[in-house]
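> Build me a structure from this.
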Amino acid sequence: MNLRFSNRGREGRVHGKFPDNQVFVWGFSGAANDADDESENLHRKLLSGEIDLGEFIQKYRKQRILFHRRTLIRMAALTSLTTPG
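Got it, this is the predicted structure:
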């Protein structure tokens with residue numbers, strides 16, 4: 001997995017090793033929340049007239065896809081962590 005989406009993944013690393021599983025999942029959760037916040041900011045900018053509708057649609061769609069992708073990865077990671085095996 002690539003942890004460049006957020007600095008949160010790096011906070012849990014110790015001496016270049018990957019963080020434990022819970023920190024990894026927490027990183028995806030935080031990154032998803034960041035994408036969600038950014039999409040809300042875009043909506044506020046649209047309502048205040050700072051950006052036009054075409055720009056809003058393009059950027060908002062990208063942020064929502066990113067949010068859902070990160071949420072699905074987080075849910076899959078949680079499922080695999082809790083599945084006995």
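
> can you count the residues close to residue 53?
Close neighbours of residue 53, defined as other Cβ atoms under 10 Å, add up to 8. All C-beta spots, glycine's among them, are computed from the backbone N, C-alpha and C.

> Correction: the previous question concerned residue 71.
By other Cβ under 10 Å, the residues close to residue 71 number 17.

> Please confirm that it is located within a strand.
No - using DSSP: H, G, I helix; E, B strand; the rest coil, the secondary structure at residue 71 is helix, not a strand.

> That one and residue 35, how far apart?
Here residue 71 is placed at a distance of 9 Å from residue 35 (Cβ to Cβ, to the nearest Å).

> and the gap between the residue nearest to residue 45 when sequence neighbours are not counted and residue 35?
Distances taken as Cβ to Cβ, 6 or more residues apart in numbering put residue 51 closest to residue 45, at 4.8 Å, once the chain neighbours are dropped. Separation of residue 51 from residue 35 (Cβ to Cβ): 17 Å.

> ok, now residue 82?
Distance of residue 82 to residue 35, given as Cβ to Cβ: 24 Å.

> Who has more neighbours out of those two?
Taking other Cβ under 10 Å, residue 82 and residue 35 do not tie; residue 35 has more neighbours (22 against 8).

> Please compute how far the helix or strand containing that one lies from its chain's middle.
Assigned by DSSP states H and E, residue 35 belongs to helix 21-48. Chain-centre distance of helix 21-48: 6 Å, with Cα atoms, centre = their mean, to the nearest Å.

> Could you name the helices and strands sitting against it?
Other elements packing on helix 21-48 under the criterion 3 or more Cβ pairs under 8 Å, 6 or more residues apart in numbering; DSSP states H and E are helix 8-11, helix 53-82.
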